[in-house]
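Asker: Here is a sequence together with a model predicted from it:
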Amino acid sequence: MCKKPLAQTNYISLRLNFLNPVQSKKMEYKFAEIEPKWQKYWEDNKTFKTEDDFSKPKYYILDMFPYPSGAGLHVGHPEGYTATDIVSRYKRMKGFNVLHPMGYDAFGLPAEQYAIQTGTHPAVTTQKNCDNFRRQIKAIGLSYDWDREINTTDTKYFKWTQWIFKKLYETWFDEEQQKGRPISELVIPQEIQTKGKEAVNEYISGKRLAYYDNAQVWWCDSCKTVCANEEVLTDGSHEKCGHQVLRKNLKQWLLRIPHYGERLLNGLENLDWPEGVKDMQRNWIGKSSGAEVDFEIDGLGKKLRVYTTRPDTLFGATYMVIAPEHDLVNEIVTADKKEAVENYIKVAALKSDLDRTDLAKVKTGEFTGRYAVNPVNKTLIPIWVADYVLLGYGTGAIMAVPAHDTRDFEFAETFDIPIICILDPKDAANREEILAGKACWTEDGVYINSASSKTGLDINGLNKVAGIQKTVEWLEQLGIGKATTNFKLRDWLFSRQRYWGEPFPVIHWEDGEVTLVEDENLPLELPELEEYKPSETGESPLANASDWLIVTDKNGRKGRRETNTMPQWAGSCWYYLRYIDPLNEESIFDVRKERYWMPVDLYIGGAEHAVLHLLYSRFWHKVLFDLGIVSTDEPFQKLFNQGMILAFAYETSTGAKVSSDLVEEKEGKYFHTETGEELRQIVAKMSKSLKNVINPDDVIERYGADALRLYEMFMGPLDERKPWAENGVKGVFNFLARVYRFFGNRENIVEGEEDKELAKLLHQTIQKVELDIGNLKFNTGIAALMVFNNLAIKKGKVAKETAKIFAKILSPYAPHMGEELWSMYGDTETLAYEPWPMVDQSLLTEDTHEYPVSFNGKMRFKIELPMDMEQAEVEKTVLEDPRSEKWLEGKTVRKFIYVPKKIINVAVG
RNA sequence: GCCCGGGUGGCGGAAUUGGUAGACGCGCUGGAUUCAAAAUCCAGUUCCGGCAACGGAGUGCGGGUUCGAUUCCCGCCCCGGGUACCA
């Protein structure tokens, strides 16, 4: 922020005005009195308590609930909250039963870190932070039903998170029906049953949506803690301490989300979501179709299975690659290559994911000494090990077609492997190069060199689509391949080695059996601890809670509770369902209430959740739907992302950032207070280091909640990123003060008929505000309200009816002001449920229109014409108008365009 | 690299989706009020030329379609977000 203390001055003078009895007589806008008064009224009267009145049309409008950080609310939070609040208030006035709740996603690392440092229980920190958030949110005047507040760390809440986990554990996915079904309905194949109980259990485990297995995690040996992916920097060091992190294998819970890949993909079709978010989810799910093909390994009597999206290019396969971690590596590698390959695998294992991708532009690999037989032409092709092939995708092995795949091309060039072009790129500029194997071509073309007398397959002359089809049919007929689809989406690592999360309701018994805690014993609460540090072994701090940890069943068998806890996603995956019936102790929610309220009609939050939260939520919801627990296949009908609020920051000519307290403004330019150097104003994220963080509390103190709300909405389109500018707050504050001075002064409010021009504008404004709320275009709605206010002030007097309508249509944006004016006009009830004013269309229809008249597309003058005038008459009137003379001089009219209610354009030449 | 967004006055941003480019707000300039300031009110404010009427240019750049393009098409440049060898 610039140091020019403009706002400060305003604030002081404003305060002085409050103290001045002469001034206050003049209807000064005393937001600091008005706003708390109405907030208290709403709270005392439970104005926004939502009843489950099934006879009314419903509207469920949801904010992404916040993580209650110690720093409190920043101005980004109220942006989305204000938007949903405006829609909520509008919908209530339109007669909808509105569900508009708020809560806290309160598990998370910071409270735990603080506990490790200070010994304060995370629940204490969390409670404090939640209280602060609630206070801040209430100060904005948002119309939440606070009786429905939820908190993911509340045992009454996470009891049901644990309950859902149990459901996931007890569900398998029926591929045929594309549906999750209870484990009890899983048919165990005969050959498994004959192998005994252990085999059966293993079979079932292989099907459950939640399973327990070894998984690799990042481990910081210095912090003795597991780190999340995002805590690991690109150079492989831990963000917090700078030490190198290691890969470590730990027992983990995983969820089989890829089973729902197809459903998650198809479900996007009918959702009213931003296309960008849908694209991101589609990308993340990453469905591809292709084929699996078996290659005989020469001299081993085994097959190597590959996945390819381009089975049509089999004739161009000149080598194969298997991932370093592939099961068959040891068998495939020949004795003379063993040492080299083993070395290569060791080096690859040490690389982080990022080393293997981003940083390693040069492809590496090692020949195994072994060959495979290309099934389409019986040619022997070498098998390599290379880390550009990933074990986790497809089959962990590929056939490489360097002529038509850029990665394979790079690899073949590096290791001098033959490149055979089999697809003639008819129109490519570099066709000769491609045909000679000197360049890569990944687009469509006509097959060449794609026939073999040894196998009889011939696709020469076909194009890509036909080539794929014919090759797959051929492979399937011979039983050496089949059409397959694949997903990039991986199993979801669903456990953390943390204290402050939901405990898994799981017991591992000494005999190897795993059981779940009975429903009647839920919630399984967290034990009290003295020490929140993770254990030496990498287990969560829960491993230290011996009383809690060890259990004994009625037969004396000993068991150990699961020490992992659930990730923060767990609580946020289903919170929108609990708002429906938050106090229900008997069940997760009342079925009738769920049927009434779901789906969420409008969901607003940050784009940072475009993929993970929304995908995980949809996954859980679909499972619950399959089990008949919820009534809709998708949870969120309409989604909208608010853009990030940024702040101005300053940098020197060399790009060095300058903290905002060292910047002063002089005549629109910015200078360093110490060096005097001229600085450039830029837009950046708010940060402590730049000292440009805006706290909503300060804004409310200086300008009031209504001004904060209005400015957040007036800044620009809701979905765009935009910089905070204090002068902008001043602008909307001035508007509110003008409204109050005019509409709050009884002398200006008169009985009787409204002025015609003002009445027309009023109804245009109602229409505009209504339309803009529907389209979430709040900035232009506010502009319309300002235009109306300006005209009303110009007119000097308004009819009481006009003033009442204006108070109503202003109230979703500035609810305190709305209520204050409403009560001044004599009403004793809140206006929150007053019917939204009807637009009087008769006032809006016009019988004349002012047309802009253009000559060759350039506007020259305006002319008022009756709406029903015939084209010929319009033409005559316009061309005979004296103002046309100048533009027609020496020219002939070639064309006369008349678009009713729009424009008149004369083409001359 | 690929996939999405986005480039409009001094600034935040409007433009009924092909029809008056710059609504509304900030800032700035001038005036009224005031002992003075703040606040308030009035007028002006895309740029260039002109006292003005008015004229010319103008929505990142270069082409195109059209009576008419910020909007549609083709080719570039810049900024932001997502993603990372997915075979």
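Answerer: All right, it came through fine. Residues are numbered from 1 along each chain as shown, chains lettered A, B, ... in the order given.
Asker: which residue does the stretch 601-750 of chain A bring closest to RNA strand B?
Answerer: When distances are taken as Cβ to the nearest atom of the strand, the stretch 601-750 of chain A reaches nearest to RNA strand B at A:G731, 2.3 Å away. The C-beta positions use only the backbone N, C-alpha and C, and glycine is treated the same way.
Asker: Can you give me the buried ones in the helix or strand encompassing that residue?
Answerer: Using DSSP states H and E, A:G731 sits in helix A:726-743. By neighbour count with 16 or more other Cβ atoms under 10 Å, helix A:726-743 contains the buried residues A:726, A:728-730, A:732-733, A:735-740, A:742-743.
Asker: can you redo these as TSV with distance to A:W273 and pLDDT?
Answerer: Listed next are those as TSV, based on distance: Cβ to Cβ, whole Å; pLDDT from 0 to 100:
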residue	distance to A:W273	pLDDT
A:E726	34	87
A:G728	30	91
A:V729	31	94
A:K730	36	92
A:V732	30	95
A:F733	35	95
A:F735	33	96
A:L736	34	96
A:A737	39	95
A:R738	39	95
A:V739	36	95
A:Y740	39	95
A:F742	42	94
A:F743	39	95
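Asker: Output the residues you listed in JSON lines; the columns should cover distance to A:L679.
Answerer: Formatted as JSON lines, those follow (distance: Cβ to Cβ, whole Å):
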{"residue": "A:E726", "distance to A:L679": "18"}
{"residue": "A:G728", "distance to A:L679": "21"}
{"residue": "A:V729", "distance to A:L679": "23"}
{"residue": "A:K730", "distance to A:L679": "23"}
{"residue": "A:V732", "distance to A:L679": "28"}
{"residue": "A:F733", "distance to A:L679": "28"}
{"residue": "A:F735", "distance to A:L679": "31"}
{"residue": "A:L736", "distance to A:L679": "33"}
{"residue": "A:A737", "distance to A:L679": "33"}
{"residue": "A:R738", "distance to A:L679": "35"}
{"residue": "A:V739", "distance to A:L679": "37"}
{"residue": "A:Y740", "distance to A:L679": "38"}
{"residue": "A:F742", "distance to A:L679": "41"}
{"residue": "A:F743", "distance to A:L679": "43"}
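Asker: ok, which pair from these is furthest apart?
Answerer: The distance between the two most remote of the buried residues of helix A:726-743 (Cβ to Cβ) is 25.8 Å, for A:E726 and A:F743.
Asker: residues in the stretch 501-650 of chain A within reach of RNA strand B, list them.
Answerer: For the stretch 501-650 of chain A, the contact set with RNA strand B under Cβ under 7 Å from any atom of the strand comprises A:A607, A:E608, A:A610, A:V611.
Asker: pLDDT score for A:S659?
Answerer: Looking at A:S659, its pLDDT is 82.
Asker: how about the nearest residue to it, chain neighbours excluded?
Answerer: A:K691 (4.7 Å; Cβ to Cβ, 6 or more residues apart in numbering).
Asker: my guess is the one you found is in a strand, correct?
Answerer: No. Counting by DSSP: H, G, I helix; E, B strand; the rest coil, A:K691 is not part of a strand but coil.
Asker: who's in contact with A:I116?
Answerer: A:I116 sits next to A:Y532, A:K533 when contact means Cβ atoms under 8 Å, 6 or more residues apart in numbering.
Asker: Quickly note the distance from it to A:Q190.
Answerer: 53 Å (Cβ to Cβ, to the nearest Å).
Asker: cool, A:L73 as well?
Answerer: For A:L73, the distance to A:Q190 - Cβ to Cβ - is 61 Å.
Asker: which of the two has more neighbours?
Answerer: A direct count of neighbours by other Cβ atoms under 10 Å for A:L73 and A:Q190 places A:L73 higher, at 21 against 8.
Asker: Pretty sure that one sits in a helix.
Answerer: No. Under three-state DSSP, A:L73 sits outside any helix and is assigned coil.
Asker: what's the residue nearest to it when sequence neighbours are not counted in contact with, if anything?
Answerer: Sequence neighbours aside, A:Q136 is the residue nearest to A:L73 in space, at 4.3 Å (criterion: Cβ to Cβ, 6+ apart). Neighbouring residues of A:Q136 by Cβ under 8 Å, 6+ apart: A:G72, A:L73, A:P696, A:D697.
Asker: Narrow those to those that are buried.
Answerer: A:L73, A:P696.
Asker: Nearest to A:L810 among the contacts of A:Q136?
Answerer: A:P696 (21.0 Å).
Asker: Surely that closest one is in contact with A:L708?
Answerer: Yes. Between A:P696 and A:L708 there is a contact at 6.1 Å, judged by Cβ atoms under 8 Å.
Asker: on that earlier part again, the residue nearest to A:S659 contacts A:V658, correct?
Answerer: No. A:K691 is beyond contact range of A:V658, at 9.6 Å (criterion: Cβ under 8 Å).
Asker: of the two, who's got more company?
Answerer: Counted by other Cβ under 10 Å, A:K691 and A:V658 do not tie: A:V658 has more neighbours, with 22 against 16.
Asker: Flag the shaky bits of the stretch 351-500 of chain A, pLDDT-wise.
Answerer: A:351-361 (pLDDT under 70).
Asker: just to revisit the earlier point, just say helix, strand or coil for the residue nearest to A:L73.
Answerer: Per three-state DSSP, A:Q136 ends up helix.
Asker: Need the per-residue pLDDT for it.
Answerer: A:Q136 is given a pLDDT of 96.
Asker: per-domain residue ranges of chain A.
Answerer: Following automatic domain parsing, chain A resolves into domains at A:6-162+A:569-642, A:288-486, A:694-842, A:846-908.
Asker: Pick out the shakiest of those domains, pLDDT-wise.
Answerer: Looking at those, the bottom one is domain A:846-908 with a mean of 86.
Asker: Just to be sure, A:S88 is in a helix?
Answerer: Yes. Note on A:S88: a helix contains this position according to three-state DSSP.
Asker: the strands in the stretch 601-750 of chain A, which residues?
Answerer: A:602-606, A:639-642, A:645-651, A:657-658, A:663-666, A:669-672, A:678-684, A:722-724, A:749-750 (DSSP state E, counting those that start in this stretch).
Asker: no, scratch that, I was asking about the stretch 451-600 of chain A
Answerer: Using DSSP E, counting those that start in this stretch, strands in the stretch 451-600 of chain A cover A:481-486, A:492-493, A:506-509, A:514-516, A:550-552, A:558-561.
Asker: nearest to A:F619, of those?
Answerer: Among the strands of the stretch 451-600 of chain A, the nearest to A:F619 by Cβ to Cβ is strand A:492-493 (7.9 Å).
Asker: on contacts alone, who are the packing partners of the closest one?
Answerer: strand A:246-255 (3 or more Cβ pairs under 8 Å, 6 or more residues apart in numbering; DSSP states H and E).
Asker: hang on, isn't A:V506 packed against A:L522?
Answerer: No. A:V506 is beyond contact range of A:L522, at 11.9 Å (criterion: Cβ under 8 Å).
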